[in-house]
Structure formats: structure tokens, C-alpha cells
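pasted the sequence and its predicted model underneath.
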2 protein chains.
Amino acid sequence: MGIIVQKFGGTSVGSIERIQLVAEKVAKTVKDGHQCVVIVSAMGDSTDELVAMAQKISHYPSPREMDVLLSTGEQVTTALLTMALQAKGLAARSLTGWQAGIKTNAVHGKALVENVETTHIRESLEQGEIVVVAGFQGISEEGEITTLGRGGSDTSAVVLAAALSADRCEIYTDVTGVFTTDPRLVEKARKLKEISYEEMLELARLGAGVLHPRSVECAMVYGIPLIVCSSFVDEPGTWVKEVNQMETTLQVRGIAHDLDVACIKVYGLKKNKGSLPRLFEVLAEAHVNVDMIVQSEQGESLQDLVFSVVEGDSKQAVEVLEAAKQELGFTEVQCEIGQAKVSAVGVGMMKQPGVAAKMFKTLSDAEIHIKLVSTSEIKISCVVERVQAIKAVQLLHTAFELDVAKEQAVVKS
Amino acid sequence: MGIIVQKFGGTSVGSIERIQLVAEKVAKTVKDGHQCVVIVSAMGDSTDELVAMAQKISHYPSPREMDVLLSTGEQVTTALLTMALQAKGLAARSLTGWQAGIKTNAVHGKALVENVETTHIRESLEQGEIVVVAGFQGISEEGEITTLGRGGSDTSAVVLAAALSADRCEIYTDVTGVFTTDPRLVEKARKLKEISYEEMLELARLGAGVLHPRSVECAMVYGIPLIVCSSFVDEPGTWVKEVNQMETTLQVRGIAHDLDVACIKVYGLKKNKGSLPRLFEVLAEAHVNVDMIVQSEQGESLQDLVFSVVEGDSKQAVEVLEAAKQELGFTEVQCEIGQAKVSAVGVGMMKQPGVAAKMFKTLSDAEIHIKLVSTSEIKISCVVERVQAIKAVQLLHTAFELDVAKEQAVVKS
């Protein structure tokens, strides 16, 4: 039998008792004859506690030192889970990010995995050990401890699954799977049996929150089947895998929302060759991630620009643009906080006309003003006022007939 | 100016506020023109909390995993102290044991430092940075995280001071220096201005507790002057350095005690060539440290043996001896727990007759039964019942005229 990678998030390892439950789950997988690599997050709120300590010392703690600080949380969990497995008579070994060979670039706080040197893990597996790896962390070429940022443990799990050619990657979390929309907001939200990587990627990017987009992207590229399921409830989860799109009849698979959005408006940007790319270069250098972009012309020589960012980045975005105002040559920059993004996602969408029209009509009938629109082959996103976002999600869930089960997707075997 | 190594123990970094006080102390040293390497312990009780979590999972957690678990405590402190220094506008960088190049053997839980590769630290110092190193930890040749056992952070500090040819090593702790005896037990205990390595070594070994014997030994071998002083009270500490012994007139410099002692008695051990060394080999293989040893003959072919161990090791000592009973050939092994060791220490001792006589008489007059005696050139130790130990310390402190100041030692410059 092959290798299975299992990832347990912070809630799943939030107490000694829960760590012991996780050990039981892992023991069962081993008993079924699999080789097991387990990726764990920090226990419950321990990361928040470390952040709070750092904040007491400095409002802007150095990203390098934050990584040194935060990486201890996952390390603690690996040792405790390994002890729990050993207490069950199983051979097990913990590995930190650097011991597991997770090589990243040097961007502290949001490092990207560049390579995984699996020698150490493979040796351990060959000795019949369960390998317990600290998620969320790696090591840079310079030997610095790095962390992968939000959702980093999911990414750790998927890159390890890819590097080890694992049969599958199981993501254990505090929900039972991926839903048509947020079940806390829409009573009629339904759990999906399966979803394609592309759809999951859009849902993840759009704030569905179950999986980090980076991990989905990586799973898609390397063709690693993911299954999202609950650590606590014993019921089937949602498979994230390649779905035969020819057979997919559902227009819209899910409604996602992201409440952390701000819009930046740049007026009177000169239309010379370099101004537009240079503007986004300036933002990228300040590590501001731009999401949706709309550009419109103002006469022959000027253009206006609207783009969305996470609200936490908006202040810095405005600052770096103001600082580069002369170089870029625009007349004014404005920031509108308190926005949200609501999206309809589905691979069936591209073959079905009228999805955009239905979406716009549904929102317009409810007097929800659309401020920014962006579309891809498998999704349509609208920025609306944050206070109207939840209402928008509920209306769209009904409008796209997601309130009742209709799934007919056929999974490629 | 040269390099100064400063070590701050768990109490000294027990809260964010205290870490900020430590940052101030370090900042002052840097302002005085020194290059600074700071070694820190885990915050306050955090190690105990980690141990408690491990104990909930397993009564015998694997030493390897305990090291992975416990080493996180010091790592947290390094990051927080570095942030505090940076918040004061100082350049600083934290290093874990493995990043600092502290190479140890592979004995988890009580690893010995074999070598320090200072390249990383020196590079950082040359860039004008304060280097904050996690004490108590290192890395084995196989890339495993190791810890140095009790008092390990002192050892980290001294080995780094030696490897960096530091001018001195400052040990900040919760007492103001080294005393003639434990000031909590004897009201008239006095702080020493200075003490020789040899004396400090005996005091440390005998449970004076201020410094770990390994750190004193290492400081002696490399001639690193140590100063023990308080993190909280601004008063001169005690220098531990080479003292001109010709000028030392004081017979006994201090009275030490160790309340954690058990005696193991082995009866009827055969007197053949190999039995005695083999017995201690068996104990060493089980990592039981034997302290005092008394052997007596029983006729021509048998011998009795009494030795002392820390009480926590006594059960294992008896078990491994019982298991090897046939091989070793003895009739019985007994264990007496609840013992203590009381010692008089002083380099003047060897030139002054009658110290032993005075010690035995003092104890005997007070009806304190001596169970085991061991002497070296600079100390006499007696094992007595634990319940009588504190009385013994008080009586000896008075008998050796330590209640009043009399120090005349001259320090070599």
C-alpha cells in the first residue's frame, strides 16, 4: 500500500485529549496497511497567544523573529502527537520543517515552498515509522526558519503529498466537508460529495476558508486527490479531485464570499506605456496582493483604475501609491473600506449562457449595488457593500437552485 | 572592546515586562561598547507546563520527543527578547541551538556539547548585531534536536564564551551571588565577593544550585571569568575566577547541601577482578550517575558497597542491579531514600589539619548520624538523614566561623 498524508488543523489538536483522538485516527490508517505522514498545526489558540506576546513587545515585530516565535507552536504538537502514537506502541518520529526538508524562499511570514528534500522522511518511513511533520514552516537557503502564512499547514500537507507521490492527502478540519455556501449563513447550504480542483480553487480564493488556495493549486498541478473531512464527526467528507467536466450539468456549484475587501481607486493615471505595469510593480514590491482590477479610459491620455485588496493591506497600498505619485503620474488615489466579494463558482458556467445576467438581476432586484465585477471561465465575482454581502449570498444560493440537492457530477476514476 | 556573553535564567525572562528589563540591561552593555551574545532560558514555568502536557500523554515519553518539545521554550524567549531589543532600535538576531552551531552528542535529555561552530554567530556580530541564542539546546551529528539537561543554559553560555574567546560570561539569576551557604536556611549566610573555580565547582556539584557544575568546569578549563549576579537587584555579584590560593587563609569557604540523595547498598559482592568495574558499568549504561562510593571488605572473598545517587535514579539503579545479579554475583541490594549530603568546601582546607575532625565532632555533638563520607582536596561531604540536613548546615556554618565576614582572598589579575 502507498503513502497517505493526513493533516490535522489547530482545532483538531486543540487539547491533549484531542491529540489522543488524532493518534487513534492515525493508528487506524496504519493498521489498514498504509504508510502515514501526518502534518499538524499548532494547538488551538497557541499561535494567537504567541502573537499576543509579540504584540505586547512591538507593534511591528520583525517578520524573521515572528517566524522563529510562531514555528514553535507546530513543533510542540509534533512532539506530543508522536508521544501519543508511541504510547500506543507505534513507531513514530517528529520532524520540524527544516528536518523534514521543506525548503522555502526567504519571504518571512509568507514564504513559498521551493522544494522538498524527502530523504529524511523516506528513511523514517522505510524504518516503519509514522512521520509527524510540523506544518506551516520551512527553512530558507540561508538556514532561516520561515513560515508559510495563513493556511500554511494545508500547503505543507499537499507539497509533502506531491513530493512523496502519496495516494491521497486527507485534510481533517472542524467542518465535515466543502459546502455549496457557508452553512453558518445559509441554512440550506449542502455538503458536496466532490468538487473539481478548479472549482475548489475559486471557492478557496474567494474565501470559502476550508482549504487554502495555495494547497489546492499545488494539489491540482501534481494531481493529488484531496479529501476534506471532520476530525470529530465520522461521516464522508468532500473529495477534491479531477472531475469529468463533460458530465457536469450543474451551472453553479457554490456561492463564496469574502468579507475582507477594500477598493482602491486611482484617478487620472497617464496613459503612457509604462505607468500601468509600474503601478502594480510598486504594489508588488510592498507585498500588497491585488485581487480584482477594472480599468476605464478618461479621454485620450488619461485612465481611471479600481482594484480590490484585503482591507488590512489597503492603508499600505495607498501609502506606497502616494509615495510614487510623481513617478506614476496620477491625480488622486482613494480608498473605500468595508467592502465584500460575493462569487458564483462552477465549471458548468462556461457552457451555460445567462449566469452573469441572472447574478446581476438577483442583486439588482434586491437593491444591492455592484461596485466591481470580475469573471473567469468558472466564476463571476461582484464587490458589494460588506453590510449587504450575507443577504447577497443567501439570494444567490436560492437563485442558482443550490437549496436542493441536484449533484450529478461523475468523478474520473 | 571584546565580546561579553550574558545569560538570563527562566525567572529573569519570566514575563514580557521582565524580558523588557533584560533588553535594557543588554542595551546598556552594548552602549558601553561591547559585542553582546545573550543566552536565554525558557520563560518562567513554561518548561514545567510542557513537561506536564507530555506526562498527560505518557509516563515515559521518548527522550528524543521530549527534546523536540522542550527546546521550543527557549526558542520563544529568543524571538521575544530579539523583538524587544529591536524595539529599542538595536540590531539583533535570534538563533536556535542548531543555528548557533552548538554540536552535541546524541544523548537526549542530557547531551554533552562536543563543539561550537561559531561562524554564524561571528557573522552576525560583525554586522553589528546582538546575538540572542537559545540556551539548553543543541544539535547532534544526525541532525536531531538535543537538550543539555538541568542547568543546561549555564553550560550553553560558558561554552559559547569559550568558543568566542569572550572577555567574561555574566550569569544573571534570581539571587545576588554565591553565598557561604543557602541564605534561605542560614540567616547569617554571606555573599562572597569572589570564589575560585575549584571551590565553585564543589559548591555547584554539592547542590549550591546557583551554577551548574558543568558550566563551572568548562569555565575553569578555558579560563573564562564568570560573574554571578541578580537580574533584578543592582548590586555587585560574585566573581568566579582563578584565585591565588597561596594567599587564601580561610579554611572553609562555604557549606553546601543537596537534599536529593538516596543510598544504595550492595552486600556480598564477589571480590573477583571484574565485578566492581562491571557493576559501575551496568549503572553507567543505564545512565545512572553515581556520586559517593564507599567499599568495605567482608572476609577474603566478599565485599560490601555503599554508594549515593539522586533519589530519582535510585529505583532504576536497584532494578538494573537486580537484573545483573547473577552476572555480578552479590547477595543483596538495598535502597535507602530520604538522605541528604552536607559538605564543607574551601581551597584552604588541604593545608589546614583538623577540618574533618571539626566537621565530624560538630555533627556528632548534635547527634546527627553520618552514613557516608567522601573527601577531596577541597571538600568534605557527609551523607546524613534528610530531616537533619538543614540543622547540620546551620551548625557547620557557625562552627567554621562563616557567620562573620573574614574574606581575605586575593584575586589574580
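Arrived safely, thanks for sending.

mind pulling up the pLDDT for the spatially closest residue to A:Ala399 that is not a sequence neighbour?
Leaving aside its sequence neighbours, A:Ala399 sits nearest to A:Thr362 (Cβ to Cβ, 6 or more residues apart in numbering or on different chains; 4.4 Å). Every residue, glycine included, has its C-beta placed from N, CA and C. With respect to pLDDT, A:Thr362 scores 92.

please apply the same query to A:Glu332.
The model's pLDDT for A:Glu332 equals 93.

what of A:Gln245?
55.

just A:Ser413 next, same as before
With respect to pLDDT, A:Ser413 has a value of 30.

what does A:Ala405 give?
With respect to pLDDT, A:Ala405 has a value of 69.

next up, the contacts around the residue nearest to A:Ala399.
Counting by Cβ atoms under 8 Å, 6 or more residues apart in numbering or on different chains, A:Thr362 touches A:395-396, A:399.

quick one: strands adjacent to the helix or strand of chain A with the lowest mean pLDDT?
The weakest-scoring helix or strand in chain A, judged by mean pLDDT, DSSP states H and E, is strand A:293-298 (a mean of 79). If you go by DSSP bridges, strand A:293-298 pairs up with strand A:302-309 (antiparallel).

what mean pLDDT does the strand it pairs with get?
Average pLDDT, strand A:302-309: 89.

lowest pLDDT pick from the contacts of A:Thr362?
Out of those, that is A:Ala399, at 91.

pretty sure that one is touching A:Lys358, no?
Yes: using Cβ atoms under 8 Å, A:Ala399 is in contact with A:Lys358, at 6.1 Å.

quick check: the gap between the residue nearest to A:Ala399 and A:Gly254.
Separation of A:Thr362 from A:Gly254 (Cβ to Cβ, to the nearest Å): 15 Å.

and A:Ala399, by the same measure?
When A:Ala399 is compared with A:Gly254 (using Cβ to Cβ), they lie 13 Å apart.

so the two - more neighbours on which side?
Of the pair A:Ala399 and A:Gly254, A:Gly254 is the one with more neighbours under other Cβ atoms under 10 Å in any protein chain shown, namely 29 against 18.

model confidence for that one, exactly?
Per-residue pLDDT puts A:Gly254 at 88.

now render the contacts of A:Thr362 as JSON lines, adding secondary structure.
Output for the contacts of A:Thr362, formatted as JSON lines (DSSP: H, G, I helix; E, B strand; the rest coil):
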{"residue": "A:Leu395", "secondary structure": "helix"}
{"residue": "A:Leu396", "secondary structure": "helix"}
{"residue": "A:Ala399", "secondary structure": "helix"}
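
any chance of these in JSON lines with distance to B:Glu367 as columns?
Shown next, in JSON lines, are the contacts of A:Thr362 (distance: Cβ to Cβ, whole Å):
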{"residue": "A:Leu395", "distance to B:Glu367": "92"}
{"residue": "A:Leu396", "distance to B:Glu367": "91"}
{"residue": "A:Ala399", "distance to B:Glu367": "95"}
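
nearest to B:Asp313, of these?
Distance to B:Asp313 across the contacts of A:Thr362 (Cβ to Cβ) is lowest for A:Leu396, with 68.9 Å.

is it true that the closest one touches A:Val355?
No: taking contacts as Cβ under 8 Å, A:Leu396 lies outside contact range of A:Val355: 10.5 Å.

and A:Trp98, what does it touch?
Counting by Cβ under 8 Å, 6+ apart, A:Trp98 has contacts A:137-139, A:145, B:98.

in strands, which of those fall?
Residues from the contacts of A:Trp98 lying in strands, with DSSP state E as the criterion: A:137-139, A:145.

ok, and which of those residues reach chain B?
With Cβ under 8 Å from any Cβ of the partner chain as the criterion, the ones in strands among the contacts of A:Trp98 include A:Ile145 near chain B.

for ChimeraX, what selects the buried ones among the ones in strands among the contacts of A:Trp98?
Buried residues within the ones in strands among the contacts of A:Trp98, by 16 or more other Cβ atoms under 10 Å in any protein chain shown, are selected in ChimeraX with:
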select /A:137,138,139,145
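
redo the ones in strands among the contacts of A:Trp98 as a markdown table? Include pLDDT.
Listed next are the ones in strands among the contacts of A:Trp98 as a markdown table, based on pLDDT from 0 to 100:
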| residue | pLDDT |
| --- | --- |
| A:Gln137 | 97 |
| A:Gly138 | 97 |
| A:Ile139 | 98 |
| A:Ile145 | 98 |
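
tell me the contacts of A:Arg278?
A:324, A:327-328.

tell me which residues in the top strand by length along chain A are buried?
Using DSSP E to define each element, chain A has its longest strand at strand A:254-270. For strand A:254-270, burial by neighbour count (16+ other Cβ under 10 Å) applies to A:254-258, A:261-264, A:266, A:268-269.

repeat for stretch A:167-182
A:168-173, A:175-182.

chain center to it, what's the gap?
Here stretch A:167-182 is found 12 Å from its chain centre; the criterion is Cα atoms, centre = their mean, to the nearest Å.

pull up the distance across it, start to finish.
This stretch, stretch A:167-182, spans 29 Å end to end (Cα to Cα, to the nearest Å).

that older thread, closest one to B:Met292 out of the contacts of A:Trp98, please.
Here the nearest of the contacts of A:Trp98 to B:Met292, counting by Cβ to Cβ, is B:Trp98; it sits at 37.0 Å.

state the phi and psi torsions of that closest one.
phi -70, psi -30 (degrees, to the nearest 10).

swap in A:Val76?
According to degrees, to the nearest 10, A:Val76 has phi -60, psi -50.

overlap in contacts, A:Leu396 and A:Val355.
Joint contacts of A:Leu396 and A:Val355 (Cβ under 8 Å, 6+ apart) are A:Ala344.

quick one: which of those two has more around it?
In this view A:Leu396 and A:Val355 are compared by other Cβ under 10 Å, and A:Leu396 has more residues nearby, 27 against 19.
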